[in-house]
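Participant: Quick one: sequence and predicted model below, then my questions.
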2 protein chains.
Amino acid sequence: MPAKVYLDAPPDGDFRAMPARGSGLALLKWVTSFPRNPEHGLPVVSGALLLSSAETGELLAVLDGASVTSLRTGAAAAVSAQVLARGDATSVGVIGCGENGSWAARCLVAAGYGPGVCADLDEARAAGLADELGWEVGSRELAAGQDVVVTVTPGERPVLLVADVRDGQHVAVFGADAAGKSEVEAAALPRFSVFCDEWSQASGGGELAGPVGRGELSREQVTQLGDVLIGAAAGRSSDDEATLFDSTGLAIQDLGIAAAVYEAWRAGEVPATEVPL
Amino acid sequence: MPAKVYLDAPPDGDFRAMPARGSGLALLKWVTSFPRNPEHGLPVVSGALLLSSAETGELLAVLDGASVTSLRTGAAAAVSAQVLARGDATSVGVIGCGENGSWAARCLVAAGYGPGVCADLDEARAAGLADELGWEVGSRELAAGQDVVVTVTPGERPVLLVADVRDGQHVAVFGADAAGKSEVEAAALPRFSVFCDEWSQASGGGELAGPVGRGELSREQVTQLGDVLIGAAAGRSSDDEATLFDSTGLAIQDLGIAAAVYEAWRAGEVPATEVPL
């Protein structure tokens, strides 16, 4: 998985090209971030994934980028909870109930978590998600007090404050996707054992970029979730510990979803349009 | 146009992700090189292009990668001749009559050049192209003696030797796409005024990589074709001069072709399959 490449598209957005290879497949994700798009009724995130055979280069499928991105983002939230949350954790708080926040909630439900609290500045959006899942609408503070907390906001101001942190809690943060953005109050970070998906990407442009840049956080203080998954590093060390997972999004996660979709299509389980070349 | 990103796919090939932006559009090309694929009846080059609006990120079209690559490679040959060949140049020699060599010949015909000589180790392949264009089949030496010469071979051994070079000739070389590959005999290079499409790419992995690495060629001795096109640098300085153009392939060239295809589709001039999302 080479590093993702950014293509700026001023004044409103950018494109990211994310390649990855594994399991005999090669993937290229081409995905946007146009934060002001909703003002014009358009999605922030769109694009497509090209899935090829890594053995012959043959193009196998073109997949919608937004749906794969939502699924892998949601799956990352659920996997982080399965690996890092306390065994008795059940309740969920979702702060930011947009597309990716909603999919995080849905994937947490699929992993057995819930019910939970939906918080959003747009109360109708929080209510829509709460209705769908049989959860409740609540304040940011209420959501921040649950066993498992997911934040998926624009990262322009902190939504998880030092006063919110509870012993034993697991927090997964998704919103800060560029230097200068942050969802966690700086003073709250020392309360957590900190995990990320991939150090170079997370320290360069995610939630951790600010603390790392200010010298408040170093490589040795952060564990990659994948290292815990393969048994190369420890996860939670006690029930009192609060854990924080910074998700920046990896192309290998997209590859995992794309491979599953492709297998499901081959098994006749999902429809596709066949295009003559 | 950020630098292209390589994704290795050992043992047989690699993928390249090539982003570019211009004219309100953003392009991502995902293209392969699997040199041994023809042994299995598969193409060396395949893939797709994703064309998006640079203003909203919206995905506009998915285009076949092989055909766009062939067209832009052929167009680069023709444009280099229009800019650098002598005004009275007419005859063409094509050394290597595979997919991209054939399209170079077709684009040179479209630009008013020809007739010419087709040379290939596979004589049937040379004959097929010669028949199509009303040209003749000839030896490598005969092809190398024409007014405009295009080489599109694997680059594993020189196909343009010092004895071939003629005053006033224009040569465009396309085959050497990685360090260690070369189509021009080292002793022949000093006979030419040297041009390339983009210096950093050409000096890093094209025909020029070897001479640059050996200190035989420096940045000041090479002119980018685009600089000639916009009037920022001089092209041919006399009718006696021999010119050499090293083409490594730029994503902005693909963007030019993709934009033209998209406009033609909007004008109802080319068919497309519309896919529901």
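Facilitator: Happy to help now that I have it. Numbers count the residues shown, from 1 in each chain, chains lettered A, B, ... in the order given.

Participant: Would you mark the buried spots in the helix or strand of chain A with the lowest mean pLDDT?
Facilitator: Across the helices and strands of chain A, mean pLDDT, DSSP states H and E gives its lowest value to helix A:199-205, namely a mean of 90. Using 16 or more other C-beta atoms under 10 Å in any protein chain shown as the test for burial, helix A:199-205 gives A:199, A:201-205. Yep, even glycine has a C-beta here, placed from its N, CA and C like the rest.

Participant: for the helix or strand that it is followed by, packing partners?
Facilitator: Sequence-wise, the next helix or strand downstream of helix A:199-205 (DSSP states H and E) is helix A:209-213. Applying 3 or more C-beta pairs under 8 Å, 6 or more residues apart in numbering or on different chains; DSSP states H and E, one finds that helix A:209-213 contacts helix A:199-205.

Participant: Identify all contacting residues around the helix it packs on.
Facilitator: Helix A:199-205 is contacted from outside by A:3-4, A:177-179, A:196, A:208-209, A:212, A:219, A:222, A:224, A:246, A:248, A:250, using C-beta atoms under 8 Å, 6 or more residues apart in numbering or on different chains.

Participant: Dump the C-alpha coordinates for it into PDB.
Facilitator: The C-alpha coordinates for helix A:199-205 follow below in PDB (Å, rounded to 0.1, in the frame of the first residue of the first chain):
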ATOM      1  CA  TRP A 199       1.200   5.900  12.100                       C
ATOM      2  CA  SER A 200       2.700   7.900   9.200                       C
ATOM      3  CA  GLN A 201      -0.800   8.800   7.800                       C
ATOM      4  CA  ALA A 202      -2.300   9.500  11.200                       C
ATOM      5  CA  SER A 203       0.600  11.600  12.500                       C
ATOM      6  CA  GLY A 204       0.700  13.500   9.200                       C
ATOM      7  CA  GLY A 205      -2.900  14.500   8.700                       C
END
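
Participant: Next step: the contacts of helix A:199-205 restricted to strands.
Facilitator: When the contacts of helix A:199-205 are checked against strands (DSSP state E), the matches are A:196, A:222, A:224, A:246.

Participant: And these, which is closest to chain B?
Facilitator: residue A:224 (21.3 Å; C-beta to the nearest C-beta).

Participant: OK, contacts around that closest one?
Facilitator: A:195-199, A:233.

Participant: my guess is residue A:188 meets residue A:160, correct?
Facilitator: Yes. Contact criterion C-beta atoms under 8 Å: residue A:188 and residue A:160 qualify, at 6.1 Å.

Participant: The two: which is more packed in?
Facilitator: residue A:160 (27 against 18; other C-beta atoms under 10 Å in any protein chain shown).

Participant: Identify the spatial nearest neighbour of the more buried one, chain neighbours not counted.
Facilitator: residue A:184 (4.8 Å; C-beta to C-beta, 6 or more residues apart in numbering or on different chains).

Participant: you'd agree that neighbour is up against residue A:155?
Facilitator: No. Taking contacts as C-beta under 8 Å, residue A:184 lies outside contact range of residue A:155: 9.5 Å.

Participant: what's the overlap in contacts for those two?
Facilitator: With C-beta under 8 Å, 6+ apart, residue A:184 and residue A:155 have common neighbours residue A:207.

Participant: These two: which has the busier surroundings?
Facilitator: residue A:184 (29 against 22).

Participant: does the residue nearest to residue A:4 when sequence neighbours are not counted belong to a helix or a strand, and which?
Facilitator: In space, and not counting its chain neighbours, residue A:4 is closest to residue A:18: 4.4 Å by C-beta to C-beta, 6+ apart. Assessed by DSSP H and E, residue A:18 sits inside strand A:13-22.

Participant: what's around the closest residue to chain B within the stretch 51-200 of chain A, how many residues?
Facilitator: Taking C-beta to the nearest C-beta as the measure, the stretch 51-200 of chain A has residue A:57 as its residue closest to chain B, at 3.2 Å. Residue A:57 sits with 26 neighbouring residues when counted by other C-beta under 10 Å.

Participant: Since that was my last question, I'll sign off now.
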